[in-house]
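**Q** model the following, please.
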Amino acid sequence: MSDPALIDRFGRRIEYLRLSVTDRCDLRCVYCIPEGFKGFEEPEHWLTFDELERLLGLFASLGLRRVRFTGGEPLLRRNVSDLARRVAAIPGIDDLSISTNATQLAQHAEALKAAGVTRLNVSLDSLRGDRVARINGRPVLGQVLDGLAAGRAAGFAPIKLNMVAMRENVDEIDAMVAYCIEQGFVLRLIELMPMGDTARRMGYVDLQPIKEQLRRRFGLVDALLPGGGPARYLASRDGRFTVGFITPISQHFCDTCNRVRLTVDGTLHLCLGQEERMEFRPLLRGGASDAEIVAAIRHAIDLKPERHEFREEPEKVVRFMNMTGG
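**A** Next comes the predicted model:
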C-alpha cells in the first residue's frame with residue numbers, strides 16, 4: 001500500500017494548509033491591498049462551507065494536520081465560527097488557528113474559542129495611532145487593542161503579534177518588544193515580501209542584524225513554539241519574552257516548507273513566490289469523485305517548486321497578498 005502522506009518531489013511532507021476564507025478586508029494595508037483595488041473575487045465563486053469541509057477532509061485523509069484561516073480578513077466571512085467548528089471536527093485536523101487584523105475580534109473571540117480555534121495570530125505593525133492609519137489605511141489601533149484584550153479574555157494563549165518590518169516602522173521594534181513583554185504576547189517580526197509594486201516601494205528591512213541585537217540585549221536562546229510555520233524563535237531564559245523571525249528574503253526556509261495555500265475560490269497555490277497552482281472549484285462543482293479530487297491533490301503537490309525567487313526576481317509575482325492568503 002502506498003504512503004498516504006503528501007510528500008513533494010523534494011521530500012517535504014505537506015501537512016499545513018492556509019485557507020483564505022475571504023479576499024475581502026476592512027483595512028487597506030499598503031503591502032497587501034492598495035487603496036482603490038477592485039479585483040475582488042465574486043462571492044458566487046467562493047467555496048461554500050460544504051465544499052470546504054469536503055476538500056479539507058480529503059486533504060486530511062492524505063496527512064493534512066494544520067489549518068490556518070486567513071484572508072483578506074477572515075472574520076468578515078459570515079458565520080466564520082461555524083466553519084471553524086466544522087473544520088475542527090475533521091478527523092486528522094489537530095491544529096486550527098486564525099490570522100486576523102483583530103478589528104472584529106472583540107465580537108468573535110469567544111465563539112472562535114468555543115468552535116475549536118486553538119491559536120491566534122494578530123497583525124499589528126505599530127503602536128502609534130497615526131502610523132497605524134498610514135500603514136493600514138484606517139485609524140483602527142483602538143479596535144485592534146480591544147480585540148487583543150478580548151482574545152486574551154477568551155483564553156487564547158499565547159497570542160502572537162505579527163509585525164511586518166519596513167522603513168516606516170523599524171524604529172518602533174523596541175517599543176513593540178516592551179509591549180509584548182508587558183502583555184505576555186509573542187512577537188513575530190516578518191520581512192516584507194515584494195508582492196506588488198506598493199509592497200516593493202515600502203522598503204525591505206533585513207531582520208538578521210535586528211535578530212542578533214535582540215539576542216544580545218535580552219540574552220535570548222533558541223526556542224521552539226507550536227505552530228508548524230516558518231518562524232525561527234528566540235526566548236529569554238526566564239520565559240518572559242519570545243520573539244520569532246520570518247525571513248523569506250534574508251534566510252529563506254524553502255527547504256523545510258510544509259505548507260500550501262487555498263484561496264477563497266478554490267485555487268491551490270503551491271508557493272507564494274511562484275505561479276504553480278491547481279483549480280479545485282471546477283472539480284467540486286463538476287461532479288468529480290473523491291478519488292478524482294485526491295488524484296488532483298497529489299498532482300498539485302507534485303507541482304510545488306523547490307523555492308521562491310523573491311531575491312532574484314522580485315517582480316515575478318504580481319498578485320497581491322489578499323488574493324493568495326497570508
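**Q** all contacts plus neighbour counts: C-alpha atoms, from now on.
**A** Will do.
**Q** quick one: contacts for residue 293?
**A** 58, 280, 283-284 (C-alpha atoms under 8 Å, 6 or more residues apart in numbering).
**Q** switch the cut-off to 6 Å
**A** Residues counted as contacts of residue 293 (C-alpha atoms under 6 Å, 6 or more residues apart in numbering): none.
**Q** quick check on it: phi, psi?
**A** For residue 293, the backbone dihedrals (degrees, to the nearest 10) come out as phi -70, psi -40.
**Q** from residue 277, how far off is it?
**A** 14 Å (C-alpha to C-alpha, to the nearest Å).
**Q** could you do residue 131 as well?
**A** Residue 131 is 36 Å from residue 277, by C-alpha to C-alpha.
**Q** and the gap between residue 257 and residue 130?
**A** Residue 257 is 36 Å from residue 130, by C-alpha to C-alpha.
**Q** which one of those two has more residues nearby?
**A** Neighbours per residue, other C-alpha atoms under 10 Å: of residue 257 and residue 130, the larger number sits with residue 257, 20 against 14.
**Q** tell me the pLDDT at residue 288?
**A** pLDDT for residue 288: 98.
**Q** that one: neighbour count?
**A** Residues near residue 288, counting by other C-alpha under 10 Å: 13.
**Q** residue contacts, residue 93?
**A** Residue 93 neighbours (C-alpha under 6 Å, 6+ apart): 65-66.
**Q** ok, 7 Å please
**A** For residue 93, the contact set (C-alpha atoms under 7 Å, 6 or more residues apart in numbering) comprises 60, 64-66.
**Q** among these, name the ones in strands.
**A** Among the contacts of residue 93, the ones falling in strands (DSSP state E) are residue 66.
**Q** any chance of TSV for the contacts of residue 93, columns neighbour count?
**A** Formatted as TSV, the contacts of residue 93 follow (neighbours: other C-alpha atoms under 10 Å):
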residue	neighbour count
60	24
64	25
65	20
66	22
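**Q** ranges for the strands of the stretch 201-326 of the chain?
**A** 221-223, 232-235, 242-246, 259-262, 267-269, 277-279 (DSSP state E, counting those that start in this stretch).
**Q** how about residues contacting the last one?
**A** Where contact means C-alpha under 7 Å, 6+ apart, the residues beyond strand 277-279 that reach it are 266-270, 300.
**Q** how far out from the middle of the chain is it?
**A** Relative to its chain's centre, strand 277-279 lies at 19 Å (C-alpha atoms, centre = their mean, to the nearest Å).
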